[in-house]
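Undergrad: Here is my input, please return the structure:
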Amino acid sequence: MEDEDLRTLVERARGGDPSAADAIVRRVGGRIRAGIRRRLGPELRRRLETEDLFQSAIMQSLADLDGLEYRGDAAFLGWLETIATRQVAMAVRKNRAARR
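TA: Prediction:
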């Protein structure tokens, strides 16, 4: 399965194949986690869990696969990073509101 391209994995995951969804996470997870950590910065990482935000972003992206028009690997990764960025922004707002 590691030899399959992302397009094929996305199509399979869209069809409900959990092994394809797992393969996508294995393939791009490190990059998405790193982006989340970078966006949080050291202070927020003490209060917010990178892994929780990653899981939330992955769940959201898998739920939204039906609406995705695959336009290449770079666009797909950008789409995932956008979802992760939104998850971080929502968590930061929620954290700040809770601290008031």
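
Undergrad: tell me the contacts of Glu69?
TA: Taking Cβ atoms under 8 Å, 6 or more residues apart in numbering, we find Glu69 in contact with no residue. Bear in mind the C-beta positions are built from the backbone N, C-alpha and C, glycine included.

Undergrad: Now do the SS call for it.
TA: coil (DSSP: H, G, I helix; E, B strand; the rest coil).

Undergrad: From Gln87, how far out is it?
TA: Relative to Gln87, Glu69 is positioned 22 Å away (Cβ to Cβ, to the nearest Å).

Undergrad: number of nearby residues for Thr8?
TA: 14 (other Cβ atoms under 10 Å).

Undergrad: just the helices in this protein please.
TA: Remark: helices assigned in the chain by DSSP state H are 6-14, 18-45, 50-63, 73-99.

Undergrad: Pipe those into JSON lines and attach mean pLDDT per row.
TA: Output for the helices of the chain, formatted as JSON lines (pLDDT from 0 to 100):
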{"stretch": "helix 6-14", "mean pLDDT": "95"}
{"stretch": "helix 18-45", "mean pLDDT": "93"}
{"stretch": "helix 50-63", "mean pLDDT": "94"}
{"stretch": "helix 73-99", "mean pLDDT": "91"}
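
Undergrad: who's in contact with Asn95?
TA: Counting by Cβ under 8 Å, 6+ apart, Asn95 touches Leu44, Arg47, Leu48.
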